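*Asks:* model this:
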Amino acid sequence: MAATTFPATLTPEPRSWGRTILLYGKEAKYEFINKLRIPVFAISTIAFPIMFYVLFGIVLGPGNPANRAQSATYLLATMACFGVMGASLFGFGVSLAIERGQGWLMVKRASPMPIAAYFVAKLVNAAIFSLMISLLLLAIGITFGHVRLTLPVAAKLVGILVAAAIPFSSMGLAIGYFAKPNSAPAVVNLLYLPMAFCSGLWIPLFMLPHGLRMFAKVLPPYHISQLALNSLGMGMNPTSASGHVQALLGVTLLCLGVAAWGSWRDEGQMYG
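*Replies:* Numbers count the residues shown, from 1 in each chain. The predicted structure follows:
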């Protein structure tokens with residue numbers, strides 16, 4: 001008996017805007033809950049920048065009260081940048097690499113959920129952790145470091161730091177598509193820690209050798225930290241905000257291009 005085939009005529013029901021937004025919101029909610037349930041990620045991501053800030057910005061700060069306050073204000077911007085970078089690279093890059101290795105990304109692609117919701121949820125999660133880190137450091141700086149900022153300046157600083165999750169998450173996305181699950185944390189650390197040091201996040205840039213100061217200008221953390229410091233009136237060149245934004249936009253687009261190539265390569269491996 002010959003088998004007869006018929007073309008499929010069933011089409012999925014289009015989603016309303018309300019249902020789509022609800023779907024994206026739920027994916028972001030459960031991504032955030034997932035990260036909170038991993039103490040190694042949640043505690044270390046928040047604790048490390050706070051620990052370094054308290055140690056170098058407050059405990060080991062200059063003896064002179066005016067210099068201590070200035071040092072605490074400077075390190076508030078750079079340590080917050082360090083925290084945002086960690087939350088984005090580990091929360092996006094390492095998480096994506098592990099979930100690719102586990103086959104979870106394949107399940108997401110096969111489900112009716114738009115795959116963009118998966119990536120938007122990780123970006124929102126990075127932004128939320130960036131906001132938490134920035135506000136905690138700001139509270140510590142004001143309470144113990146005698147940091148004095150007006151509300152508009154503080155809001156501008158926090159806004160810059162939360163927006164910094166975008167370029168750092170794009171870097172994490174590119175790493176996550178090419179790093180193996182077991183090697184992803186090591187790969188992120190090999191980029192994360194040297195970039196932080198060479199960009200002047202731990203030691204003020206003017207104290208670094210001339211060669212490192214020149215090299216820092218090609219690193220994304222340098223541009224983020226300079227935007228944050230410019231908002232406090234402490235940047236190396238307060239008039240160059242547009243140049244920093246253009247550099248970050250270029251890095252973001254480059255990393256998204258690398259990630260798109262990795263996604264295309266994965267689809268060929270999964271379905272080809």
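
*Asks:* I'd say Phe82 and Phe56 touch.
*Replies:* No: in this structure Phe82 lies outside contact range of Phe56 using C-beta atoms under 8 Å: 10.9 Å. Where C-beta positions appear, they are placed from N, C-alpha and C, glycine not excepted.

*Asks:* Need the residues touching each of those two.
*Replies:* Taking C-beta atoms under 8 Å, 6 or more residues apart in numbering as the contact rule, Phe82 and Phe56 both touch Trp202.

*Asks:* give me phi/psi at Ile203?
*Replies:* With angles defined as degrees, to the nearest 10, Ile203 shows backbone torsions of phi -120, psi 130.

*Asks:* Find the nearest non-adjacent residue to it, please.
*Replies:* In space, and not counting its chain neighbours, Ile203 is closest to Phe197: 7.3 Å by C-beta to C-beta, 6 or more residues apart in numbering.

*Asks:* Determine the number of other residues adjacent to that neighbour.
*Replies:* Residues near Phe197, counting by other C-beta atoms under 10 Å, number 16.

*Asks:* ok so, going back, Phe82 and Phe56: who's more crowded?
*Replies:* Remark: of Phe82 and Phe56, Phe82 carries more neighbours, 28 against 17, as counted by other C-beta under 10 Å.

*Asks:* who touches that one in this structure?
*Replies:* Contacts for Phe82 were tallied using C-beta under 8 Å, 6+ apart; they are 48-49, 52, 196, 201-202, 221.

*Asks:* Which entry within these corresponds to the minimum pLDDT?
*Replies:* Checking pLDDT across these, the minimum falls on Trp202 at 86.

*Asks:* and it, helix, strand or coil?
*Replies:* coil (DSSP: H, G, I helix; E, B strand; the rest coil).

*Asks:* Tell me the spacing between Ser183 and Leu212.
*Replies:* From Ser183 across to Leu212, the span is 27 Å (C-beta to C-beta, to the nearest Å).

*Asks:* More neighbours: these two, which one.
*Replies:* Taking other C-beta under 10 Å, Ser183 and Leu212 do not tie; Leu212 has more neighbours (15 against 11).

*Asks:* so how far is stretch 68-78 off the chain centroid?
*Replies:* 21 Å (C-alpha atoms, centre = their mean, to the nearest Å).

*Asks:* contacting residues around it?
*Replies:* In this structure, residues lying in contact with stretch 68-78 by C-beta under 8 Å, 6+ apart are 53, 56-58, 61-62, 137-138, 141, 145-149, 157, 200-202, 204, 225, 228-229, 231-232, 234.

*Asks:* same thing but 6 Å
*Replies:* Stretch 68-78 is contacted by residues 53, 57, 61-62, 137, 141, 145-147, 201, 225, 228-229, 232, 234 when judged by C-beta atoms under 6 Å, 6 or more residues apart in numbering.

*Asks:* Please save the CA atoms from that stretch in PDB.
*Replies:* Taking Å, rounded to 0.1, in the frame of the first residue of the first chain, the C-alpha atoms of stretch 68-78 are listed here in PDB:
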ATOM      1  CA  ARG A  68      40.200  59.900  50.800                       C
ATOM      2  CA  ALA A  69      36.900  61.200  49.600                       C
ATOM      3  CA  GLN A  70      38.400  61.800  46.100                       C
ATOM      4  CA  SER A  71      39.900  58.400  46.000                       C
ATOM      5  CA  ALA A  72      36.600  56.800  47.100                       C
ATOM      6  CA  THR A  73      34.700  58.700  44.400                       C
ATOM      7  CA  TYR A  74      37.200  57.700  41.700                       C
ATOM      8  CA  LEU A  75      37.100  54.000  42.600                       C
ATOM      9  CA  LEU A  76      33.400  54.100  42.900                       C
ATOM     10  CA  ALA A  77      33.200  54.500  39.100                       C
ATOM     11  CA  THR A  78      36.000  52.100  38.200                       C
END
